[in-house]
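Undergrad: What shape does this take:
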Amino acid sequence: QVQLVESGGGLVQAGGSLRLACAASGRGISSKMMGWFRQAPGKEREFVADINWTGRTITYADSVKGRFTISRDNAKNTVYLEMHSLKPEDTAVYYCAAQYYNRWDANRDYWGQGTQVTVSS
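TA: Numbering: from 1, shown residues only. Below you'll find the predicted structure:
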């Protein structure tokens, strides 16, 4: 069983920065594709970024390219999301996820409990 625990959320002013962390545990976690998703009030959960097990293949949503950086430390079983130049529209609950198999599938993948990020204007 895979468990994911996010931390690092909070309240920040527009233009500020935050660093989220996701502590992962469970069998095979270091070999899994890991990602961050977010869900704003009244909106569907959306993809933010993901990173493969080697850290060499990374994908970002267009809305965060150039501002967010995803990384992982397999020795610590931790995935990070560094967020810079934050905007009010980045306000959401941010979820860490571990891919069950081959592609993102919300019904099969593993999810953390989420951490709130609020960006004030």
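Undergrad: C-alpha only now, for contacts and for neighbours.
TA: Will do.
Undergrad: Look up which residues are beta-bridged to the residue nearest to residue 91 when sequence neighbours are not counted.
TA: Leaving aside its chain neighbours, residue 91 sits nearest to residue 118 (4.6 Å; criterion: CA to CA, 6 or more residues apart in numbering). Beta-bridge partners recorded for residue 118 (DSSP bridges): residue 11.
Undergrad: Just the residues contacting stretch 92-103, thanks.
TA: 4-6, 22, 29, 32-41, 105, 108-118 (CA atoms under 8 Å, 6 or more residues apart in numbering).
Undergrad: Please check those residues and keep the buried ones.
TA: Neighbour counting over those (16 or more other CA atoms under 10 Å) leaves 4-6, 22, 29, 32-40, 110-112, 114-118 as the buried ones.
Undergrad: Select from the contacts of stretch 92-103 every entry located in strands.
TA: 4-6, 22, 34-39, 110-111, 115-118 (DSSP state E).
Undergrad: between these, which is closest to residue 75?
TA: residue 22 (13.3 Å; CA to CA).
Undergrad: What segments of this structure are helices?
TA: Read by DSSP state H, the chain holds no helices at all.
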